[in-house]
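Peer 1: Okay, here's the prediction I keep looking at, along with the sequence it came from:
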Amino acid sequence: MSSFSQRYPYVLNALVIAVTIVFVAVALVVGRATAAEPIELREGDIAPITFVASREVEVVDEIATNQARERAVNNTPAVYTIDPTRKTSVKGDLARFFDAIKDAAFDESAIPEPDPTTTTTTTTTTVPPDEEGEPGEETTTTTTTTEPPTTTTTLPRVDLETQIAEVQEKYATLDDEVVVLVSLYNDDLDRRAEEETEVFPLVEREVADLVDAQMDAGIRQGEAFNVGNALVQNPPRIFLPGLDAEQADAVRQAVARLVAETLVDNEFEDQEATAAAQQVNAETVEPVIRTFFAEETIVEQGEPVSAVELDAIEQLGLLVPEETTSRLAIAALGALAVLLAAFFLWRIAPGLWSEPKHFALLGVLLVLAAGVSRIPELIVPDESPELAFVLPAVMFGYIAAILYDPRTAVLLSVPVATFTAISTQDAALTMFAAAATITPVGFVSSVSSRRELRVAVGLSAVVLAPLAGVVAWLFIGFDSAPLAALFGFVGGVVAGLVAQGLLSFLENLFRVTTTVTLLDLTDRNHPALRLLEEKAPGTFNHSILVGTLAGKAARAIEADPLLAQAAAYYHDLGKTEHPQYFIENQFGFFNPHDELDPAESAKLIRQHVSDGLRLARQYRIPEDVANGIRMHHGTGLMRYFYHKALEADPGVDPAAFRHGGAKPRRKEMAILMVSDAVEGAARALAQQEDPTADGLRKLVDSVVGEKLEDGQLDESALTFGDLTRVKTALVEALIGYYHTRIPYPGFPTGPGEAPPALGDGGGPDL
């Protein structure tokens, strides 16, 4: 598998991306609600769910509106019209009544045969001249008039009782009225004879006026009796000259009773006009509006649905379920987020593109991010939106910054925010997720101890608190800010703890070297270091000092000091197999190389690299650190044994005395190579003479120059500027280590008292 990934990294990366897209789509889509079937609901049905207004809506209450219109119709007064023929009929009846009184006064049977007197009148009319001056014609008209020979005054009168009886016979409903009026008429006949003012015509006119007044005002059906009764109760005032008070009062009473008796209904309801008025009044009634405000319950589950509630539900579209986001669209957007992250990783870190494990790790993080983005919809109730700020998006900032680098961690904020937007469709949480992913990057990118990592977690949580509060203030409201800040802080702490647990798992699963891994490797209690300390104590002390030098030099050029230090600690791990062949472990013993052939010695020295790599695999030391074993000598020449071989055979091949490692490719490995050589050379120098600052500077320049000349640094990323800063840092570190000491009596101080220098090739002479 390893060889396949090395030969076809792009194919494997493409496969990893495809698998990541599938799992991200599943994480974003699975469990998402699908569109429900439309609800069938009619007026009077029982509500299957509680319907809540999604927005303010106004609905016409047809029932209330119809009731209001019915009240308007019922309250509309009937339209009445007066029938003029009824008054004409009444007045005709009264006229006949009066004629009956008059006719009853005379004996018509005594009237002789008429002997008419004929009178002829002739009239001549001359037409005026026309416009031309011609005289007009004359016209003669003859009129003949025949006059009766006698009048009523000449007829014999009937006695009063007979008159009364005759009239009462015709008008049986009238009693006293006939007596009074017949008597009044007879009195008038006497007044006429005496040429006095007659009263009876006045009564006739008054009766006619009373009828006009009453019937012109209109008498509705059933009201004639009441109108007549009122008239009888309050007789009209009539001026009756020549009558005494008693006679006048009797006449007024008679007139009132006569009119009351003859009045009839003449005002009738006009149904068409009434209906038209009702229609107008009904149309003027404004519709009754029922307003449902946003979030107001329209109808509770289990209650019957009224017409107005059904109308509101239909207007709001609550019977048709909301369209759910297309699963295909979700999957497509998730795929684009994955592709975008992969593309940017390829652009900003092309070295990682050739390592499928890095893409596989990125895929795992993206799938985790997609799954984490679903947390709010699972745990956050609608009434507590602040709880969503517990979203552990900050976890991915921790993990990416430690597993990769700060740039990759910042890049990861894009898919994390995208997945959060897809899952929550909430602008506040999307913004918070993006910012939370970036927040820990600045705190963990320079972590060099576990204590600093814990501090970084705490500081990130402290920053997340106001971030969550302000975002909630902006999108939800000020009242939500304190609670959102609390949940943001809690989420930051929990995410930090979870991230530390995941880091160990992911490091072991993908064999990735992280800051946490390096912190574990630089722990003096690591089993491999304890092995080195027990079996090769001199090498152990040498490795610790090389680690100090390498760490300081790495910091000088902003390389990874922890990686350089860890690689230095384990670079000579293979010497534990044969520690006696290395001079730093030969305290008080003879040097076995004095009795070995130079080629055999070179083979033993070269073997510590292969032994170290084997032990590195045994102790599960990451490849990035184990590269320090392979590269700390590179393919350098073991000069001590080579020159020793030259003394015996001038034609010896120098390739037989070169190390079998690889040239360093990273800055940290190049720094380790230089630091290892410098430490060995400085130790050899210190055994010969007291080191000085100038001497140490020359020594460092010599070692670096030799490595450059031999081409050992050709494949590293070190620049000449980097080398200058590295050399300065190494000189400063060596000066601090080899500072001047006070000579104690009895202690050897001369160079002759120190054993000759002999190493493994780390110094300039091997």
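Peer 2: Structure's in. What do you need? Numbers count the residues shown, from 1 in each chain.
Peer 1: Now the strand or helix carrying Leu467: buried residues?
Peer 2: Counting by DSSP states H and E, the secondary-structure element that holds Leu467 is helix 450-475. By 16 or more other C-beta atoms under 10 Å, the buried positions in helix 450-475 come out as 453, 456-457, 459-461, 463-465, 467-473, 475. For the C-beta atoms, the positions are set from N, CA and C on the backbone; glycine is no exception.
Peer 1: Kindly report the same for stretch 298-309.
Peer 2: Buried positions in stretch 298-309, judged by neighbour count with 16+ other C-beta under 10 Å: 298-299, 305-309.
Peer 1: How about residues contacting stretch 501-511?
Peer 2: Contacts to stretch 501-511, defined as C-beta atoms under 8 Å, 6 or more residues apart in numbering, come from residues 357-358, 360-361, 364, 395, 398-399, 402-403, 512-514, 516-517, 620, 622-623.
Peer 1: what do you get if the cut-off is 6 Å, keeping everything else the same?
Peer 2: 357, 361, 514, 516-517 (C-beta atoms under 6 Å, 6 or more residues apart in numbering).
Peer 1: That stretch - what's its average pLDDT?
Peer 2: Mean per-residue pLDDT for stretch 501-511: 82.
Peer 1: buried ones in it?
Peer 2: Buried-residue list, stretch 501-511, by 16+ other C-beta under 10 Å: 502-503, 506-507.
Peer 1: Tell me which two of those residues sit farthest apart.
Peer 2: Distance extremes for the buried residues of stretch 501-511: the farthest pair is Leu502 and Glu507 at 9.3 Å, using C-beta to C-beta.
Peer 1: picking up where we left off before, could you dump the buried residues of stretch 298-309 into CSV with pLDDT added?
Peer 2: CSV is the format used below for the buried residues of stretch 298-309 (pLDDT from 0 to 100):
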residue, pLDDT
Ile298, 88
Val299, 89
Val305, 89
Ser306, 89
Ala307, 87
Val308, 87
Glu309, 86
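Peer 1: Could you look up the SS state of the closest residue to Gly228 other than its chain neighbours?
Peer 2: Excluding the flanking residues, the one nearest Gly228 by C-beta to C-beta, 6 or more residues apart in numbering is Ala260, at 2.9 Å. State at Ala260, reduced to three classes by DSSP: H, G, I helix; E, B strand; the rest coil: helix.
Peer 1: Ala260: neighbour count?
Peer 2: 21 (other C-beta atoms under 10 Å).
Peer 1: My understanding was that it contacts Ala230; is that so?
Peer 2: No - using C-beta atoms under 6 Å, Ala260 is not in contact with Ala230; the gap is 8.5 Å.
Peer 1: can you give me the helices for the stretch 301-450 of the chain?
Peer 2: 307-315, 327-348, 350-353, 356-372, 375-379, 394-403, 406-424, 427-438, 441-444, 450-475 (DSSP state H, counting those that start in this stretch).
Peer 1: what's the most buried one of these?
Peer 2: Ranked by mean neighbour count, the helices of the stretch 301-450 of the chain are led by helix 394-403 with a mean of 28 (mean count of other C-beta atoms under 10 Å).
Peer 1: still on that earlier bit, for the contacts of stretch 501-511, give me JSON lines that also has pLDDT.
Peer 2: Shown next, in JSON lines, are the contacts of stretch 501-511 (pLDDT from 0 to 100):
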{"residue": "Lys357", "pLDDT": "80"}
{"residue": "Leu361", "pLDDT": "86"}
{"residue": "Thr514", "pLDDT": "78"}
{"residue": "Val516", "pLDDT": "77"}
{"residue": "Thr517", "pLDDT": "81"}
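Peer 1: Next, give me the two most distant ones among those.
Peer 2: Largest separation among the contacts of stretch 501-511 by C-beta to C-beta: Lys357 and Val516, giving 17.3 Å.
Peer 1: List the contacts of stretch 642-658.
Peer 2: Under C-beta under 6 Å, 6+ apart, the answer for stretch 642-658 is 598, 602, 635, 637-638, 641.
Peer 1: redo that, cut-off 10 Å
Peer 2: 593, 597-599, 601-603, 605-606, 633-641, 710, 761, 765-766 (C-beta atoms under 10 Å, 6 or more residues apart in numbering).
Peer 1: Are any of these buried, and if so which?
Peer 2: Buried among those by 16+ other C-beta under 10 Å: 593, 598-599, 601-602, 605-606, 633-634, 636-641, 761, 765-766.
Peer 1: Give me the subset of these that lies in helices.
Peer 2: Counted as lying in helices by DSSP state H, out of those, are 598-599, 601-602, 605-606, 639-641.
Peer 1: so can I have a markdown table of those residues showing pLDDT and distance to Pro415?
Peer 2: Putting those into a markdown table (pLDDT from 0 to 100; distance: C-beta to C-beta, whole Å) gives the following:
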| residue | pLDDT | distance to Pro415 |
| --- | --- | --- |
| Pro598 | 83 | 59 |
| Ala599 | 84 | 57 |
| Ser601 | 82 | 56 |
| Ala602 | 83 | 53 |
| Ile605 | 85 | 50 |
| Arg606 | 88 | 48 |
| Arg639 | 83 | 53 |
| Tyr640 | 81 | 56 |
| Phe641 | 85 | 56 |
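Peer 1: now, among those residues, which is nearest to Lys102?
Peer 2: Lowest distance from Lys102 to those (C-beta to C-beta) belongs to Arg606, with 168.7 Å.
Peer 1: Verify the contact between the closest one and His659 for me.
Peer 2: Yes - counting by C-beta atoms under 10 Å, Arg606 touches His659, with 5.8 Å between them.
Peer 1: Now do the nearest residue to Thr437 once chain neighbours are set aside against Leu345, distance only.
Peer 2: In space, and not counting its chain neighbours, Thr437 is closest to Ser413: 3.8 Å by C-beta to C-beta, 6+ apart. To Leu345, Ser413 is 13 Å away according to C-beta to C-beta, to the nearest Å.
Peer 1: repeat for Val26
Peer 2: For Val26 relative to Leu345 (C-beta to C-beta), the value is 22 Å.
Peer 1: what sits against the residue positioned nearest the centre of the chain?
Peer 2: Nearest residue to the geometric centre of the chain (C-alpha atoms, centre = their mean): Asp426, 5.6 Å. For Asp426, the contact set (C-beta under 10 Å, 6+ apart) comprises 376-377, 380, 385, 388, 420, 432-433, 475-476.
Peer 1: Please tabulate those in CSV, including the columns distance to Val285 and pLDDT.
Peer 2: Formatted as CSV, the contacts of Asp426 follow (distance: C-beta to C-beta, whole Å; pLDDT from 0 to 100):
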residue, distance to Val285, pLDDT
Pro376, 51, 88
Glu377, 49, 83
Val380, 49, 81
Pro385, 45, 86
Ala388, 50, 89
Thr420, 54, 92
Phe432, 54, 93
Ala433, 56, 93
Phe475, 46, 91
Ile476, 44, 89
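Peer 1: for the residues you listed, which one is nearest Glu668?
Peer 2: After measuring those against Glu668 - C-beta to C-beta - the closest member comes out as Ala433, at 33.8 Å.
Peer 1: rewinding a little: need the helices of the stretch 301-450 of the chain in TSV (columns: distance to Leu730).
Peer 2: Compiled in TSV, these are given as follows (distance: least, C-beta to C-beta, whole Å):
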stretch	distance to Leu730
helix 307-315	81
helix 327-348	31
helix 350-353	27
helix 356-372	32
helix 375-379	50
helix 394-403	28
helix 406-424	27
helix 427-438	36
helix 441-444	28
helix 450-475	25
